[in-house]
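Visitor: can you look at this prediction? I've put the sequence above it.
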Amino acid sequence: MKKQASLLLVLLFSAIILLAGCGSSESANKSGSADEDTFKVGLEAGYAPFNWTQNDDSNGAVKIEGTGEYAGGYDVEIAKKIADGLGRKLVIVKTEWDGLVPSLTSGKIDAIVAGMSPTAERKKTIDFSDNYYSSQLVMVVKKGSKFEGATSIADFKGAKITAQLNTFHYSVIDQINGVSKQTAMDNFPAMRVALESGIIDGYVSERPEGISASSANEHFVMVEFEDGFKTSPEDTNTAVGLEKGSELTEKINEVLSGISDEERTELMDAAIQNQPAAQ
């Protein structure tokens with residue numbers, strides 16, 4: 001009887017510890033990282049001028065966790081301001097695009113600051129802050145090609161066009177009548193290589209990336225449309241991705257409200273100017 005009573009007490013005590021641990025974990029997830037001194041941000045570090053990878057800390061770049069590389073760009077500058085406002089140290093976690101939301105929901109990162117649009121589909125899984133940038137869709141093509149002078153998406157009939165995987169950029173290609181829609185690609189560096197080699201005739205992007213691409217490669221040109229893609233504000237806006245019910249959302253919105261439109265433009269202009277030539 002004593003042995004059974006002792007066993008019951010041990011099991012009861014273990015259950016109490018387990019439940020307490022679960023409660024602490026849930027609380028930590030709602031408020032962000034379990035380490036309240038850091039602000040872990042996930043981004044690709046491959047979508048200039050929003051974010052990129054470089055070899056040093058020039059122009060305010062931040063070291064990427066677990067590597068000898070650094071991340072720079074518009075998203076990084078926004079993340080730095082948020083981290084300062086939260087009173088935390090910024091930690092950059094380089095993550096593939098498809099891995100960003102899973103990393104957030106599993107607690108590996110506190111936020112996504114990666115040029116992500118707050119679409120209705122994504123809002124089913126995660127929350128978003130207020131917008132921190134708005135843009136418009138463009139096409140990036142080779143200079144001297146027959147598509148360089150395009151003014152309408154209709155001019156791309158028969159063209160081999162692609163965009164990044166799991167983005168609304170790829171879905172809007174269907175608005176082009178007679179287009180040769182190519183397989184979606186994982187990232188923008190891959191699309192630039194495909195364009196350079198002639199595998200594709202163009203790729204859908206946003207204006208800052210289009211400026212970035214044409215600045216980095218003299219063989220590329222950005223096409224802006226008079227008659228362009230039909231989009232919604234949620235598609236062309238950019239916001240911080242956060243876990244459902246995160247206690248950080250209100251605090252981050254307070255920080256973002258303190259960044260003027262003029263300062264946001266200055267940050268983007270600087271990012272375009274400072275991006276590495278290869279990106």
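Guide: Cool, got the structure.
Visitor: state the distance from residue 218 to residue 197.
Guide: Separation of residue 218 from residue 197 (CB to CB, to the nearest Å): 16 Å. Bear in mind the C-beta positions are built from the backbone N, C-alpha and C, glycine included.
Visitor: biggest strand in the protein by residues?
Guide: Counting residues, the longest strand found in the chain (DSSP state E) is strand 127-134.
Visitor: tell me where this structure has strands.
Guide: Under the criterion DSSP E, the chain contains strands at 38-43, 52-54, 62-63, 70-72, 89-94, 111-112, 127-134, 137-142, 160-162, 180-181, 202-206, 220-223, 237-242.
Visitor: reformat the ones you listed as TSV; add mean neighbour count and mean pLDDT.
Guide: Shown next, in TSV, are these (neighbours: other CB atoms under 10 Å; pLDDT from 0 to 100):
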stretch	mean neighbour count	mean pLDDT
strand 38-43	25	98
strand 52-54	23	96
strand 62-63	18	98
strand 70-72	25	98
strand 89-94	20	98
strand 111-112	28	98
strand 127-134	19	96
strand 137-142	24	97
strand 160-162	21	98
strand 180-181	14	98
strand 202-206	26	96
strand 220-223	20	97
strand 237-242	23	97
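Visitor: closest one to residue 259 among those strands?
Guide: Closest approach to residue 259 among these is made by strand 127-134 (7.3 Å; CB to CB).
Visitor: need the residues that contact the longest strand of the chain.
Guide: Counting by CB atoms under 8 Å, 6 or more residues apart in numbering, strand 127-134 makes contact with 74, 78, 115, 118, 122, 208, 233, 236-246, 249, 252-253, 256-257, 259, 264, 268, all of which sit outside it.
Visitor: now, which of those lie within helices?
Guide: Among these, the ones falling in helices (DSSP state H) are 74, 78, 122, 208, 233, 236, 249, 252-253, 256-257, 264, 268.
Visitor: redo those residues as TSV? Include pLDDT, distance to residue 44 and neighbour count.
Guide: Putting the ones in helices among the contacts of strand 127-134 into TSV (pLDDT from 0 to 100; distance: CB to CB, whole Å; neighbours: other CB atoms under 10 Å) gives the following:
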residue	pLDDT	distance to residue 44	neighbour count
74	97	13	28
78	98	15	25
122	95	16	19
208	91	14	25
233	86	23	10
236	90	19	18
249	98	22	18
252	98	20	27
253	98	24	16
256	98	21	19
257	98	26	9
264	94	20	18
268	93	17	21
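Visitor: ok, the nearest residue in space to residue 70 that is not next to it in sequence - contacts?
Guide: Closest residue in space to residue 70, ignoring its immediate chain neighbours: residue 61 at 3.8 Å, by CB to CB, 6 or more residues apart in numbering. Residue 61 makes contact with 54, 70, 71, 72, 76 under the criterion CB under 8 Å, 6+ apart.
Visitor: of these, just say which sits nearest to residue 142.
Guide: Nearest member of the contacts of residue 61 to residue 142, counting by CB to CB, is residue 54, at 26.0 Å.
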